[in-house]
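1. need a structure here:
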Amino acid sequence: MAPDAHELLWLLLTLVAIALRRVHERRSGRPRTLAGIPPDELVLMVAWGLAAAVLPLFYVFGDALAFADYPFALPPLLRDLGVALFLAALWLLHRSHVDLGAAWTLSAEPAEDARLVTDGVYGHLRHPMYAAHLLWGLAQALLLGNALAGPPALVLMGLIAALRIPREEAALAARYGDAWRGWAAATPRLVPRLGS
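-> All right, here's what the predicted structure looks like:
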């Protein structure tokens with residue numbers, strides 16, 4: 001069966017997300033290395049990559065995952081919401097990379113020469129990149145009507161965030177001390193406060 005419009009939009013937006021990440025990785029000037037990433041995080045990150053990009057391709061362009069199709073058709077309005085959430089995820093992913101700039105690293109440890117970034121989207125969220133990836137996962141679950149192509153990306157990103165955020169925050173607190181603690185006390189982790 002040929003992909004429908006929402007599935008093609010998922011593909012296009014996923015390609016844009018991957019391209020955005022690559023562009024910003026290059027702009028950060030940091031080497032793309034997996035050194036320093038604990039094995040449990042690395043396994044989850046690889047699994048997320050498979051769930052966010054590879055498995056959905058088998059769904060969109062083949063019948064291999066048809067056995068896991070949702071037992072109901074997603075209403076077009078929900079799928080349109082998925083598109084809107086994915087667009088919001090792309091914006092947040094882009095903004096968080098721009099605002100973080102050269103301070104971005106692939107690991108949870110801050111770069112030796114990086115300043116504590118508390119402005120831009122980091123003035124509203126402590127972890128906007130994780131929030132962007134969680135929005136991406138939710139969008140994918142709404143766009144792709146399949147239990148293996150949709151929700152696993154959201155579930156795996158939730159596990160990654162639950163594992164990495166405490167490690168990242170401990171490393172930031174150790175590096176930046178009271179400056180980090182003050183910013184963290186005033187800034188929510190993943191969901192901005194209304195009116196902020």
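
2. Give me the distance from stretch 38-46 to the chain's centre.
-> Relative to its chain's centre, stretch 38-46 lies at 15 Å (Cα atoms, centre = their mean, to the nearest Å).

3. Check stretch 184-196 too.
-> Averaging C-alpha positions (Cα atoms, centre = their mean) puts stretch 184-196 18 Å from its chain's average.

4. Residues in contact with it: which ones?
-> Contact with stretch 184-196 is made by 118, 122-127, 130-131, 134, 161, 165, 169, 172-173, as judged by Cβ atoms under 8 Å, 6 or more residues apart in numbering. Where C-beta positions appear, they are placed from N, C-alpha and C, glycine not excepted.

5. can you give me the helices in this protein?
-> In the chain, the helices defined using DSSP state H lie at 5-28, 39-49, 55-60, 76-100, 128-143, 151-176, 178-186.

6. Out of those, indicate the one that is most buried.
-> Highest mean neighbour count of those: helix 128-143, a mean of 24 (counted as mean count of other Cβ atoms under 10 Å).

7. any idea how far residue 5 is from the residue nearest the centre of the chain?
-> The centre of the chain sits closest to residue 133, judged by Cα atoms, centre = their mean, with a distance of 1.6 Å. Here the criterion is Cβ to Cβ, to the nearest Å. By it, residue 133 lies 24 Å from residue 5.

8. same check, this time on residue 156
-> From residue 156 across to residue 5, the span is 26 Å (Cβ to Cβ).

9. where does the residue lying closest to residue 48 once chain neighbours are set aside land on pLDDT?
-> Residue nearest to residue 48 in three dimensions, not counting chain neighbours: residue 156, with 4.2 Å by Cβ to Cβ, 6 or more residues apart in numbering. At residue 156, the model reports a pLDDT of 97.

10. Thank you, goodbye.
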